[in-house]
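In: need a structure here:
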Amino acid sequence: MNGTQQSDTKRQHLLERLLDAVKQCQIRFGGRKEIATDSDSRVICLCAQFEVVLQHGLRKSRGLALTAAALKQAAGFSTKTEGEFTFWFYVKEHLNRHELQRFYSLRHISSELGRGRAWLRCALNEHSLERYLHTLLADRPRLGTYYEDWAFILDEERASMLPTMAAGLNSILFAINLDNRMEFRPSCLPST
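Out: The predicted structure is shown next:
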């Protein structure tokens, strides 16, 4: 298999995993009064799958934001995770000052990865993920500066399904904790 076919296969696998996570949450919580929290493995997997899709194909460097994080890490003021490039760097370009302040003032979140995770959970809680995804996907010129050509989010056909999936989650009452140390659950993540 050549590089193009491998990238296509990987994007398809990510799409299938995300679709399955959405479906599992819809089956369990859709249209019910029961609240979907991060104590349920299906909700944890849903968040993890969205994170993997948003993280897929991020460029390894992106101007001053990453340079500042790398300098903090080199000076010993941050952890390795904080110095890594995350989807938060792209998302925060689309947030207003008050939204940014909200995520930078969380007590237990100090990394860029944690802020990205908190943003995703907040968007699910507030049923705003569909709107955000439309905004993120519509900014094609900026997308290209943050993501590699083979990234999931630049695959127009597959990426166009993201807002639809988010809309399908609007019948679920999410109450996911934003301000805690969030970890990936390996069983939820696709194999590489």
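In: which residue packs closest to N170, ignoring adjacent ones?
Out: H127 (4.8 Å; Cβ to Cβ, 6 or more residues apart in numbering). Just so you know, the C-beta spots here come from the backbone N, C-alpha and C atoms, and that holds for glycine as well.
In: what about that neighbour, how many residues nearby?
Out: Residue crowding around H127 was assessed by other Cβ atoms under 10 Å; the count is 16.
In: what sits against it?
Out: Contact analysis of H127 by Cβ atoms under 8 Å, 6 or more residues apart in numbering lists 169-170, 174.
In: wait, is it part of a helix?
Out: No - with DSSP: H, G, I helix; E, B strand; the rest coil as the criterion, H127 is assigned coil and is not in a helix.
In: if we can go back for a sec, would you list the contacts of H127 in a markdown table and tack on neighbour count, secondary structure and pLDDT?
Out: Formatted as a markdown table, the contacts of H127 follow (neighbours: other Cβ atoms under 10 Å; DSSP: H, G, I helix; E, B strand; the rest coil; pLDDT from 0 to 100):
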| residue | neighbour count | secondary structure | pLDDT |
| --- | --- | --- | --- |
| L169 | 21 | coil | 97 |
| N170 | 14 | coil | 95 |
| F174 | 23 | strand | 97 |
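In: with distance to R121 added, can I get the residues you listed in TSV?
Out: Shown next, in TSV, are the contacts of H127 (distance: Cβ to Cβ, whole Å):
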residue	distance to R121
L169	12
N170	15
F174	8
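In: closest to R115 among these?
Out: F174 (18.2 Å; Cβ to Cβ).
In: any idea how far C25 is from the closest one?
Out: Here the criterion is Cβ to Cβ, to the nearest Å. By it, F174 lies 9 Å from C25.
In: list residues touching both of the two?
Out: What both F174 and C25 touch, as defined by Cβ under 8 Å, 6+ apart, is the set 36, 43.
In: for the residue nearest to N170, give its distance to D149.
Out: Between H127 and D149 the computed distance is 32 Å (Cβ to Cβ).
In: and stretch 24-35, what's buried?
Out: 24-26, 29-30 (16 or more other Cβ atoms under 10 Å).
In: er, stretch 99-111 actually
Out: Across stretch 99-111, burial judged by 16+ other Cβ under 10 Å covers 102-103, 109, 111.
In: and these, which is closest to V43?
Out: When the buried residues of stretch 99-111 are compared against V43 (criterion: Cβ to Cβ), the nearest one is I109, at 18.2 Å.
In: so the closest one: helix, strand or coil?
Out: For I109, the assignment made with three-state DSSP gives coil.
In: contact partners for it?
Out: By Cβ under 8 Å, 6+ apart, the neighbours of I109 are 103, 115, 117-118, 178-179, 181.
In: try it again at 7 Å.
Out: 115, 118, 179 (Cβ atoms under 7 Å, 6 or more residues apart in numbering).
In: for it, grab phi and psi.
Out: phi -110, psi 120 (degrees, to the nearest 10).
In: I'd like the distance between the residue nearest to the spatial centre of the chain and R97.
Out: By Cα atoms, centre = their mean, the mean C-alpha position of the chain lies nearest to E51, the distance being 3.2 Å. Using Cβ to Cβ, one obtains 25 Å as the distance from E51 to R97.
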